[in-house]
Every structure is written in structure tokens, then in C-alpha cells.
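K.L.:
Just a sequence and a predicted model for now, questions to come.
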Amino acid sequence: MPGAGDSHAITVHLDRLLVERGMTLTELSERVGVSVVNLSILKNGRAKAIRFSTLTALCAALGCQPGELLGYRAD
């Protein structure tokens, strides 16, 4: 279960995927039409939600499946 201050136990592997693809956050932002600020919030695990349309665009731009981008941390 998440800790007292956590709102969820979902992890985001955006950093790893960007490095593996040799892509910057700015480049990803331009490709998916999501601001760098919002992608940074997602990347740092501070996002409270993600739209399926955004998830779809991220997976298309990164050439990945949702399970490669998101994970579950059981503490």
C-alpha cells in the first residue's frame, strides 16, 4: 500500500525510455503536444492522473507499450 503521503503506487519509467530512445523531454513534448511542464510532472511521479489519449500519444512517440511506461510499486 502507498505510504501516508502517497496518493498512488504507480511508477513512471519515462526517464529510462527517453534515454533508451535518445530523446529529450522537449522533443517528446513537441511530438505528443503535451507541455514540458506536464511531462515533467508525469516523469517525476507527481501526476495524479493521465488521459488515455495522452498515454496513447506517449506510447506512439516512444514506440512502447503502456506497461513499459507505467509500473506498480507494491510496498
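P.N.:
Happy to help now that I have it. All values derive from a computational prediction rather than experimental measurement.

K.L.:
Which parts of this protein are helices?
P.N.:
14-21, 25-32, 36-43, 52-62, 66-69 (DSSP state H).

K.L.:
What mean pLDDT does the third one get?
P.N.:
I take that to be helix 36-43. The average pLDDT for helix 36-43 rounds to 96.

K.L.:
Distance from that helix to the middle of the chain?
P.N.:
Relative to its chain's centre, helix 36-43 lies at 8 Å (Cα atoms, centre = their mean, to the nearest Å).

K.L.:
Kindly spell out which helices and strands sit in contact with it.
P.N.:
The contact analysis (3 or more Cβ pairs under 8 Å, 6 or more residues apart in numbering; DSSP states H and E) places helix 36-43 against helix 14-21, helix 25-32. The way it works is simple: take the backbone N, C-alpha and C, and place the C-beta from them, glycine included.

K.L.:
Correct me if wrong: residue 31 contacts residue 61.
P.N.:
Yes: at 4.3 Å, residue 31 counts as touching residue 61 under the criterion of Cβ atoms under 8 Å.

K.L.:
who's more crowded, the two?
P.N.:
The residue with more neighbours, out of residue 31 and residue 61, is residue 61; 19 against 14, by other Cβ atoms under 10 Å.

K.L.:
Would you mind listing the residues in contact with the more buried one?
P.N.:
For residue 61, the contacting residues are 28, 31, 32, by Cβ atoms under 8 Å, 6 or more residues apart in numbering.

K.L.:
how about the residues you listed in a markdown table, adding pLDDT and distance to residue 49?
P.N.:
As requested, the contacts of residue 61 are exported to a markdown table (pLDDT from 0 to 100; distance: Cβ to Cβ, whole Å):
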| residue | pLDDT | distance to residue 49 |
| --- | --- | --- |
| 28 | 98 | 19 |
| 31 | 97 | 21 |
| 32 | 97 | 16 |
